[in-house]
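Just a sequence and a predicted model for now, questions to come.
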Amino acid sequence: MPVRVRQVLLVLIAFLHFSACRQAAFDTNIHPPTPVSIDLDSILRRGYINALVDNNSISYFIYKGEPMGYDYELLKLFADHLKVDLKINVTKDLGSAIDKLNKGEGDILAYPLTITKQRKQYLSFTRPHFNSYQVLVQRKPEGWRRLTADQIEQAMIRNPVDLIGREVHVPRNSTFIHRLENLSEEIGGDIIIKVDSADSESEKLIRQVARGEIELTVANHSLAAVNAAYYPDIDVNTILSLPQQIAWGMRINSPQLLEAFNAWMDQIKKEPTFMVIYNRYYKSPNSSRIRRNSDYSSLGGNKLSPYDDLIREGADLLGWDWRLLAAVVYQESHFGEVDESWAGARGLMQLMPATAERFGATDPNDPVQNLRAGVRYLRYLDDYWARHISDTLQRQKFVLASYNAGLGHILDARNLAARFGKDTVTWDYNVEEMLTRKSQPEYFSDPVVKLGYCKCTETVNYVRDVLNRYDMYAAHISGLPVAGK
């Protein structure tokens, strides 16, 4: 009988003989659902949806400045479907994430959650995304490359009975605790369950097994198989559970959002899109290994681009967090992947020829000259707006808008704001609103408007996108200053 079939049968027999399963308690810090009333109608009114995510090589991470991940891509598609913005809240500890969800600090818990009866006390589950099962993660024997397949197999733990008396590390609040407790009953001996700290998630524990820092852990096969691609010394072939349903979580009192998501999920699963995204992260181990090992991945590095040092220097001159300037560079050129725009803007900062020349870039294609000229332009804009706007965050929004649309259009919008009783030093819902109206004749023909028509919705989106990207970078990438500063 094949090894895998034999393992599945052993697990099935154990489940059939063990019916009095004990429930592993969640962390005592997790509170029951609270009467926070935020459902789909509220989300649509405010214009954004808050998603709680984990940072790992499948769910969500930053790679070469771009947010990626299975859960992130689906979230982005769902937010686009609702026509709202997506805000990401990275929360590594599941207990904290559930608590945030039920306090209204998130709307969707976009973790790969195993559906259990116990968790249904705290959450409503979406329609399952897929099925997975739990596996033991262990190191292959020393010198395994010189051994035969049979020799390697003999050194592995394949029978759960061999876990009696062994330490197995698991994340706090995970279903792995429950499974190991049940398994201890099934095999008639104690498995030593080591529940790790709040910041110990599955990938961290898998990495510790690969490095020999701990002996054993448990993970869902979908995640374990991806990690095995870049940790060849680990084995993930010992099955510990029957197939389990994997889904996202929502507040129990958000039925409209749950219904909308399930209807959308049912539809997208009928299209190629879902399997393309699923295969990109769960079935492409080589790509996962490249991303994981890259200096430009939040999974293993602390870089966004080859120009990070130059960006840090420019941010120091501006008095900005370097990750905010990096978000601008990405928005403009994807760190140099865009050569020349349709309008003739060039380089990292996408400078128009006149602007490049004015701020000292004799060769706008040279990354150093281009970025430094772009920083000088931003500094010029910041100096201008500092005379009118004292609040740092609001001033940054005016600077970003001016960089995108030109100072004149933002001055027009500010004049319109004054004319129509809006706050002239607040961007959100005030000056930005008047900027979007510059595409309407009754506004762009107003005497206070000097530059006339502007389809400036793009500029409002630009400001929002840069700041959202900055928030993502700040959650993953160190904000340390340039070395030696």
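On my side now, so go ahead. Numbers count the residues shown, from 1 in each chain.

mind checking how far Ala401 is from Trp427?
The gap separating Ala401 from Trp427 is 7 Å, by Cβ to Cβ, to the nearest Å. Bear in mind the C-beta positions are built from the backbone N, C-alpha and C, glycine included.

Could you grab the helix/strand/coil label for the closest residue to His221 other than its chain neighbours?
Closest residue to His221 apart from its sequence neighbours, by Cβ to Cβ, 6 or more residues apart in numbering: Val135 at 4.8 Å. Counting by DSSP: H, G, I helix; E, B strand; the rest coil, the backbone at Val135 sits in strand.

where exactly do the helices run in the stretch 1-150 of the chain?
All helices of the stretch 1-150 of the chain, identified by DSSP state H, counting those that start in this stretch, fall at 3-17, 40-46, 70-82, 94-102, 149-155.

which neighbours do Ala401 and Trp427 share?
Here Ala401 and Trp427 share the contacting residues Val463, scored by Cβ atoms under 8 Å, 6 or more residues apart in numbering.

Report the contact partners of Val328.
Val328 makes contact with 349, 374, 378, 400, 403, 466, according to Cβ under 8 Å, 6+ apart.

and the second one, what does it touch?
With Cβ under 8 Å, 6+ apart as the criterion, the residues that contact Gly374 are 314, 328-329, 332, 347-349, 351, 359.

make it 10 Å
By Cβ atoms under 10 Å, 6 or more residues apart in numbering, the residues touching Gly374 are 314, 325, 328-329, 332-333, 347-351, 355-356, 359, 361, 364, 403.

Among the contacts of Val328, name the ones in helices.
Of the contacts of Val328, the ones assigned to helices by DSSP state H are 374, 378, 400, 403, 466.

so what's the fourth one scoring on pLDDT?
In this case it means Tyr403. For Tyr403, the model assigns a pLDDT of 96.

How many neighbouring residues does it have?
Per other Cβ atoms under 10 Å, the neighbour tally for Tyr403 reads 26.

Ok, the last one next?
Neighbours of Val466 under the rule other Cβ under 10 Å: 25.

Repeat that for the third one.
Applying other Cβ under 10 Å, we find 25 other residues in the vicinity of Leu400.

Pretty sure it sits against Trp427.
Yes - taking Cβ atoms under 10 Å as the definition, Leu400 is a contact partner of Trp427 at 9.1 Å.

what do these two both touch?
Jointly contacting Leu400 and Trp427 under the rule Cβ under 10 Å, 6+ apart are 410, 463.

which residue ranges form the strands in this protein?
For the chain, strands defined by DSSP state E occupy the ranges 48-53, 61-63, 66-68, 85-90, 108-114, 124-125, 130-132, 134-139, 167-170, 192-195, 216-220, 234-239, 244-250.

could those strands be laid out in JSON lines, adding distance to Glu340?
Output for the strands of the chain, formatted as JSON lines (distance: least, Cβ to Cβ, whole Å):
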{"stretch": "strand 48-53", "distance to Glu340": "33"}
{"stretch": "strand 61-63", "distance to Glu340": "25"}
{"stretch": "strand 66-68", "distance to Glu340": "21"}
{"stretch": "strand 85-90", "distance to Glu340": "29"}
{"stretch": "strand 108-114", "distance to Glu340": "37"}
{"stretch": "strand 124-125", "distance to Glu340": "48"}
{"stretch": "strand 130-132", "distance to Glu340": "43"}
{"stretch": "strand 134-139", "distance to Glu340": "49"}
{"stretch": "strand 167-170", "distance to Glu340": "53"}
{"stretch": "strand 192-195", "distance to Glu340": "55"}
{"stretch": "strand 216-220", "distance to Glu340": "46"}
{"stretch": "strand 234-239", "distance to Glu340": "47"}
{"stretch": "strand 244-250", "distance to Glu340": "41"}
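
Mind putting these into JSON lines with distance to Asp41 and mean pLDDT?
Shown next, in JSON lines, are the strands of the chain (distance: least, Cβ to Cβ, whole Å; pLDDT from 0 to 100):
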{"stretch": "strand 48-53", "distance to Asp41": "12", "mean pLDDT": "95"}
{"stretch": "strand 61-63", "distance to Asp41": "32", "mean pLDDT": "84"}
{"stretch": "strand 66-68", "distance to Asp41": "27", "mean pLDDT": "87"}
{"stretch": "strand 85-90", "distance to Asp41": "16", "mean pLDDT": "92"}
{"stretch": "strand 108-114", "distance to Asp41": "16", "mean pLDDT": "94"}
{"stretch": "strand 124-125", "distance to Asp41": "17", "mean pLDDT": "96"}
{"stretch": "strand 130-132", "distance to Asp41": "30", "mean pLDDT": "93"}
{"stretch": "strand 134-139", "distance to Asp41": "38", "mean pLDDT": "96"}
{"stretch": "strand 167-170", "distance to Asp41": "39", "mean pLDDT": "96"}
{"stretch": "strand 192-195", "distance to Asp41": "40", "mean pLDDT": "94"}
{"stretch": "strand 216-220", "distance to Asp41": "34", "mean pLDDT": "95"}
{"stretch": "strand 234-239", "distance to Asp41": "44", "mean pLDDT": "96"}
{"stretch": "strand 244-250", "distance to Asp41": "15", "mean pLDDT": "95"}
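
Out of the ones you listed, which is closest to Leu74?
Of all these, strand 108-114 sits nearest to Leu74, with 7.5 Å by Cβ to Cβ.

Paired strands for the closest one, with orientation please.
Note on strand 108-114: by DSSP bridges, its sheet partners are strand 48-53 (parallel), strand 244-250 (antiparallel).

between the last one and helix 70-82, how big is the angle?
Okay, so that is strand 244-250. Angle of strand 244-250 versus helix 70-82, following axes from the mean of the first three to the mean of the last three Cα atoms, to 10 degrees, is 50 degrees.

about what we covered before: export the strands of the chain to a markdown table and append columns for mean neighbour count and distance to Gln440.
Formatted as a markdown table, those follow (neighbours: other Cβ atoms under 10 Å; distance: least, Cβ to Cβ, whole Å):
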| stretch | mean neighbour count | distance to Gln440 |
| --- | --- | --- |
| strand 48-53 | 22 | 25 |
| strand 61-63 | 22 | 38 |
| strand 66-68 | 19 | 34 |
| strand 85-90 | 18 | 23 |
| strand 108-114 | 25 | 36 |
| strand 124-125 | 20 | 43 |
| strand 130-132 | 16 | 48 |
| strand 134-139 | 24 | 58 |
| strand 167-170 | 21 | 59 |
| strand 192-195 | 16 | 60 |
| strand 216-220 | 25 | 53 |
| strand 234-239 | 21 | 60 |
| strand 244-250 | 21 | 39 |
